[in-house]
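Peer 1: The amino acid sequence is not available; the structure is as follows:
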């Protein structure tokens with residue numbers, strides 16, 4: 001396009017039987033897509049059929065060298081899922097579909113953000129030397145939408161500017177997609193009121209600026225385009241909220257005394273008050289497309305837990321090999337209206353803060369291929385509390401959504417969204433699973449900072465206020481469930497990271513090896529010390545069941561969804577460990593779904609024989625759930641494999657015609673003390 005010379009378009013024509021069209025990828029079709037590269041944004045070339053997801057990051061910065069052209073390296077040919085991606089990538093940092101890591105000798109946990117081969121320098125061979133890349137400083141990256149309600153979403157994004165814009169205002173522009181205003185003049189709506197937050201990486205001390213703005217007053221089920229930017233600011237926030245007048249930094253030549261200068265985070269130098277530290281704002285992001293949500297009608301969502309960005313082989317990654325995430329499939333699901341929004345039940349990236357936060361950068365950059373176009377509602381798992389992070393990076397991602405929901409009593413520990421015919425309630429129950437040997441030595445043991453009451457104690461009963469946390473969570477969950485109008489929103493899903501019902505085999509040597517390799521392996525429930533010293537309830541899975549299973553039955557919750565175990569299994573309607581029926585017609589108790597294999601670093605094994613409530617099949621395969629709610633009485637579920645054919649490994653239909661959906665199930669309070 002002569003008017004936009006920085007844009008490159010890649011077209012992939014829809015077809016069948018085109019296996020020879022794409023190098024090294026056995027695809028059954030390629031979706032029609034137009035991808036645009038902007039210097040200020042990213043490119044993803046998406047193909048239906050799973051796995052295949054090339055990510056090109058034009059604004060990212062190579063860390064150790066200049067990038068060589070991908071086409072100059074013949075060994076990189078099989079790395080790309082789409083044959084056009086390699087040429088489109090030029091010399092940009094990228095994450096090719098079949099090479100999320102550049103080197104097969106690297107450990108499985110090595111993938112970070114984008115990478116590139118280095119230009120030959122001083123005899124270095126550009127076919128073997130590479131560098132990891134960093135997010136851009138003044139360009140929005142890691143763009144994602146958060147589900148708010150039928151007529152609003154929140155945009156979240158990052159600038160890697162050392163925290164300089166973390167108190168800046170944020171703006172957006174919104175317009176109808178071209179398909180929505182054919183024959184009429186395009187109108188752009190300017191939106192203001194966005195805000196920023198400061199996040200400091202727990203392992204590296206790096207400062208990131210997170211930005212949040214709400215796209216509101218949307219028409220339901222309507223296609224839009226949006227872009228975002230950060231406004232100029234002269235604020236200079238530091239991690240401790242103070243202004244540094246260069247007392248601890250070397251003065252620049254333009255400064256005579258510390259009092260006449262200020263430390264400028266954006267440039268990392270000590271300079272004169274008059275000449276520095278004015279942040280000129282970010283560039284505009286690329287225009288991104290999305291379809292707004294809705295308050296009624298057929299409702300479609302993807303739901304799963306436990307996803308990182310790893311090569312496909314377990315234990316010994318190889319290159320080339322496609323990543324084992326569900327991102328490629330989700331891109332296709334959204335493009336083909338099989339999924340309208342996404343629910344993630346926790347355990348992101350493994351973990352956000354590995355490699356000084358670079359693991360989280362790569363995860364969110366990759367995920368942006370979906371999340372910039374379809375809203376999500378993410379939850380917390382045990383891995384969000386590792387690397388001393390206390391769940392704070394995800395708290396910065398969701399800060400705009402949580403702020404919008406404060407009137408509902410929402411916090412990062414508990415919040416809900418109503419979309420179409422379903423209400424989803426997220427609960428962070430991590431502290432219940434945090435009572436294992438040496439748990440205090442494992443970062444924050446699942447407790448956010450507000451529940452750490454004696455940080456100097458190594459005794460979990462003294463260090464954490466479990467009783468206070470438990471009271472707030474149970475009170476809030478009850479209030480939230482009671483607020484859902486089931487006549488308007490008939491289907492109710494509660495999700496937490498940890499399963500209430502599972503057939504995880506804690507005697508299996510392979511599972512035990514995985515547990516020993518993880519600092520928080522005790523969250524698998526192998527070790528439960530004695531009762532709380534004060535006689536109060538002790539954190540445990542058993543206590544979580546006692547506290548929440550009666551609530552699920554009392555409020556007629558249809559599904560309890562979890563991850564944590566890296567596999568897939570479901571139950572028949574069950575309550576207090578007693579199966580209620582062996583079908584899904586008019587369920588008389590909640591149904592439990594465990595789908596924790598969207599892209600974890602390993603699989604977990606099952607016990608050989610299940611329980612009376614166990615429903616087959618139980619699967620050890622990477623995949624995710626898809627839910628389609630046709631109306632107030634019919635919900636369809638599919639477990640989809642992260643393969644090139646989007647194979648449906650399991651499916652079922654729930655039929656529920658109870659006239660009063662908010663009434664307790666008949667089993668309520670049986671087997672439990674009132």
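Peer 2: Right, received. Where do you want to start? Note that the coordinates shown come from a computational prediction; the quantities given were computed from them, not determined experimentally. Numbering: from 1, shown residues only.
Peer 1: Name whatever forms a beta bridge with residue 323.
Peer 2: Beta-bridge partners of residue 323, counted by DSSP bridges, are residue 311.
Peer 1: these two touch, right, it and residue 309?
Peer 2: Yes: applying CB atoms under 8 Å, one finds residue 323 in contact with residue 309, separated by 5.7 Å. Bear in mind the C-beta positions are built from the backbone N, C-alpha and C, glycine included.
Peer 1: what do the two both touch?
Peer 2: 100, 366, 599 (CB atoms under 8 Å, 6 or more residues apart in numbering).
Peer 1: Restricted to helices, list those residues.
Peer 2: Under the assignment DSSP state H, the shared contacts of residue 323 and residue 309 contribute residue 366 to helices.
Peer 1: Going by distance to residue 431, which of the shared contacts of residue 323 and residue 309 wins?
Peer 2: Comparing these against residue 431 with CB to CB picks out residue 599 as the nearest, at 25.8 Å.
Peer 1: Where do the strands of the stretch 101-250 of the chain begin and end?
Peer 2: With DSSP state E, counting those that start in this stretch as the criterion, the stretch 101-250 of the chain has strands at 115-117, 130-134, 141-149, 152-159, 170-176, 188-200, 207-215, 223-230.
Peer 1: which of residue 323 and residue 309 has more neighbours?
Peer 2: residue 323 (30 against 26; other CB atoms under 10 Å).
Peer 1: contacting residues for residue 656?
Peer 2: Counting by CB under 8 Å, 6+ apart, residue 656 touches 490, 558, 586-587, 633, 635.
Peer 1: run the last query once more with 6 Å
Peer 2: residue 633 (CB atoms under 6 Å, 6 or more residues apart in numbering).
Peer 1: Then the one 3 residues further on?
Peer 2: By CB under 6 Å, 6+ apart, the contact list for residue 659 is empty.
Peer 1: any idea how far it is from residue 665?
Peer 2: 14 Å (CB to CB, to the nearest Å).
Peer 1: How about residue 636?
Peer 2: 21 Å.
Peer 1: Which one of these two is surrounded by more residues?
Peer 2: Between residue 636 and residue 665, counting by other CB under 10 Å, residue 665 is the more crowded of the two (21 against 14).
Peer 1: Confirm for me that the more buried one is in contact with residue 553.
Peer 2: Yes: contact criterion CB atoms under 6 Å: residue 665 and residue 553 qualify, at 4.6 Å.
Peer 1: mind checking pLDDT for residue 296?
Peer 2: You'll see residue 296 listed with a pLDDT of 97.
Peer 1: Just confirm it is within a helix.
Peer 2: No: with DSSP: H, G, I helix; E, B strand; the rest coil as the criterion, residue 296 is located in coil rather than a helix.
Peer 1: burial measure for it, as a count.
Peer 2: Neighbourhood size, residue 296 [other CB under 10 Å]: 14.
Peer 1: Distance of it relative to residue 662?
Peer 2: 18 Å.
Peer 1: just residue 164 next, same as before
Peer 2: Remark: distance between residue 164 and residue 662 (CB to CB) = 49 Å.
Peer 1: higher neighbour count, these two?
Peer 2: Between residue 164 and residue 662, counting by other CB under 10 Å, residue 164 is the more crowded of the two (28 against 16).
Peer 1: Tell me the pLDDT of that one.
Peer 2: Residue 164 is given a pLDDT of 80.
Peer 1: Repeat that for residue 344.
Peer 2: 98.
Peer 1: got it, and residue 636?
Peer 2: Here, the pLDDT recorded for residue 636 equals 98.
Peer 1: Do a quick rundown of the helices in the stretch 501-650 of the chain.
Peer 2: 509-516, 541-554 (DSSP state H, counting those that start in this stretch).
Peer 1: and the last one, which residues are buried?
Peer 2: Looking back up the chat, that one is helix 541-554. Buried residues in helix 541-554, counted by 16 or more other CB atoms under 10 Å: 541, 543-545, 547-554.
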